[in-house]
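> no sequence on this one, just coordinates:
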């Protein structure tokens, strides 16, 4: 389908109006049914990647493609900071092709990508990155502020974490596109209620929350106190299994001392921050790697696991846990 400037302009206007109206709407839900006979899922997770293939982005993409073929992955999750340094300027920005379409070219990666926004994405034209025109350009692209993906035994709750961060509203070095977010207090209040209700209503065996920002991290950015104070209590009360994020340019696994939640960071999609580490309780910090790489998730009705890989496809860390289901009783 050819997309001319007039069509693009109309879609942008309509999408802007809809986005403004739906700030307080119920989280949009997508059904992604498993294709494997046993209902299991294999998923790749990568974050902080969009640098035109530089800083080993292309190498990470190559290894993702190899593993994706081996696993026959169901879909890919992006934990945000999709386009550096300042998001997309508009839907015609060549950065979309140069950092996404032309990088993740393996046949195995031509599956649905579910993406959240990071703080660098908010420095650009947010509505462009959310615009359905991009899905017409590349059918595997899907990015929304907050939404749900239902895959039978597991539900993924994608949360827009950038507006929680106080500093972004006061810093003078960068400008952020807050269209659709202001008034901020109302936006965050509605979002927290939507997440709480969605988690409460979920009957999935596994509940996984995905956001860009860390909740807990031994990396450069460290903890995000606003999420610790506002989002984490909901996740603990609703017995979420995993919180997955990017933001810190590393691979990381932290175990919660207070609940079953595992905190997994996959932010090594391109530029890594070497030798930036904050001391952490070794009983909680199960794994930390300050280099490029990505993560895979393997989800069964009674078991879930995560594996971290480096830029060469070498396994760095593995974790799994079991859960009793009604069939086990």
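Sure thing, it's come through. Keep in mind that what you see is a predicted model, and the values were worked out from it rather than measured. Numbering: from 1, shown residues only.
> so which helix or strand takes in residue 114?
strand 113-115 (DSSP states H and E).
> If we go by neighbour counts, what in that strand is buried?
Across strand 113-115, burial judged by 16 or more other C-beta atoms under 10 Å covers 113-115. Backbone N, C-alpha and C define where each C-beta goes, glycine included.
> do stretch 35-48 as well
Under 16+ other C-beta under 10 Å, the buried positions of stretch 35-48 are 40-48.
> so for that stretch, what's the average pLDDT?
Computed over stretch 35-48, the mean pLDDT rounds to 97.
> Endpoints of it, how far apart?
End-to-end distance of stretch 35-48: 28 Å, with C-alpha to C-alpha, to the nearest Å as the criterion.
> All further residue positions should be reported with the first residue as 464.
Done: numbering now begins at 464, and the last item shifts to stretch 498-511.
> Would you pull up how far it lies from the middle of the chain?
Here the centre of mass of C-alpha atoms in stretch 498-511, compared against the chain's by C-alpha atoms, centre = their mean, to the nearest Å, lies 14 Å away.
> mind listing what residue 591 touches?
Residues in contact with residue 591, defined by C-beta atoms under 8 Å, 6 or more residues apart in numbering, are 475, 550-554, 556, 597.
> So which of the buried residues of stretch 498-511 sit within strands?
Cross-referencing the buried residues of stretch 498-511 against strands under DSSP state E gives 504-509.
> correct me, but residue 698 touches residue 672?
Yes - Residue 698 lies in contact with residue 672 (C-beta atoms under 8 Å); the separation is 5.9 Å.
> Any chance of the backbone angles for residue 551?
phi -100, psi 150 (degrees, to the nearest 10).
> Next, the contact list for it, please.
Applying C-beta under 8 Å, 6+ apart, the residues contacting residue 551 are 558-559, 584, 587-588, 591-592.
> where's it relative to residue 608, distance?
Computed with C-beta to C-beta, to the nearest Å, the distance linking residue 551 and residue 608 is 15 Å.
> any idea which of the buried residues of stretch 498-511 is closest to residue 721?
residue 508 (23.9 Å; C-beta to C-beta).
> contacting residues for that closest one?
539-542, 707, 727, 729, 757-760.
> That one pairs with what?
residue 540, residue 758 (DSSP bridges).
> again, but for residue 577
residue 540, residue 605.
> State the distance from it to residue 759.
Taking C-beta to C-beta, one finds residue 577 at 15 Å from residue 759.
> now residue 492
Taken as C-beta to C-beta, the span from residue 492 to residue 759 is 24 Å.
> can you map out the strands along the stretch 464-613 of the chain?
Along the stretch 464-613 of the chain, the segments classed as strands by DSSP state E, counting those that start in this stretch run 491-494, 504-509, 538-541, 576-578, 604-606, 610-613.
> and the fourth one, what other elements does it pack with?
Applying 3 or more C-beta pairs under 8 Å, 6 or more residues apart in numbering; DSSP states H and E, one finds that strand 576-578 contacts strand 538-541, strand 604-606.
> How about the contacts made by the residue most central in space within the chain?
Taking C-alpha atoms, centre = their mean as the criterion, residue 542 is the residue nearest the geometric centre of the chain, at 2.5 Å. With contact taken as C-beta under 8 Å, 6+ apart, residue 542 is in contact with 508-511, 579, 581, 673-675, 707-710, 729-730.
> Just the closest of the residues you listed to residue 687, please.
residue 710 (7.9 Å).
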